[in-house]
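# Dropping the sequence and predicted coords here.
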Amino acid sequence: EPFLFDEQKQVDWKAQKVNAYKEIRVRYEESKNVAIAEHSEWYRDYLKSPEWKLKRKKVLKRANNICEGCLEQPAIEVHHVSYANIGDELLYQLAALCEDCHRKAHINDIQDDIDSSSVQ
């Protein structure tokens, strides 16, 4: 007896596969959002900690309270040049910046993320 191909079974299987993928994607996005929220809360608390305040003070002192971005404006913010050791940063991973240069640094961070993701 010849084998009869059941197209409906193939259509149903593909629909189940797509739905399963969508469910996995939703669970992944939910867990990612939870992780981001937890990290954001930790980071906000860290920036209030005595450890961060001491590092911030040292970085501003190193820069003589002058922005390391433009060398013109007073440095009032400390920027993470790298997040590799966040929470246990080395001082060279931090830069004393004025508000304008800090904003520019974050715009560059976003552009770097875009550039590196397009390479992959």
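Alright, I've got the coordinates.

# Which parts of this structure are helices?
Taking DSSP state H to define them, one finds helices in the chain at 7-47, 50-62, 99-119.

# measure Leu60 to Glu68 for me?
Separation of Leu60 from Glu68 (CB to CB, to the nearest Å): 10 Å. Backbone N, C-alpha and C define where each C-beta goes, glycine included.

# which neighbours do those two share?
Contact criterion CB atoms under 8 Å, 6 or more residues apart in numbering; residues shared by Leu60 and Glu68: Ala75, Ala96.

# what's next to stretch 55-72, contact-wise?
With contacts defined as CB under 8 Å, 6+ apart, stretch 55-72 is touched by 73-75, 78, 89, 91, 94-98, 100-102, 104-105.

# Sorry, wrong one. I was asking about stretch 33-51.
By CB under 8 Å, 6+ apart, stretch 33-51 touches Trp52, Ile86, Gly87.

# Of the contacts of stretch 55-72, just say which sits nearest to Ala15.
Nearest to Ala15 among those is Ala105, at 47.3 Å by CB to CB.

# Neighbours of the closest residue in space to that closest one that isn't next to it in sequence, how many?
Sequence neighbours aside, His79 is the residue nearest to Ala105 in space, at 5.1 Å (criterion: CB to CB, 6 or more residues apart in numbering). Neighbour count of His79, defined by other CB atoms under 10 Å: 20.

# now the one 5 residues further on
A count of neighbours around Ala84, defined by other CB under 10 Å, yields 10.

# try Glu99
Glu99 has 13 nearby residues by other CB under 10 Å.

# Is it correct that it is in contact with Ile76?
Yes: using CB atoms under 8 Å, Glu99 is in contact with Ile76, at 6.4 Å.

# Point out where the chain drops to low pLDDT.
Where the chain drops to pLDDT under 70, the residues are 109-120.

# rewinding a little: closest to Glu1 out of the helices of the chain?
Of those, nearest to Glu1 by CB to CB is helix 7-47, at 17.8 Å.
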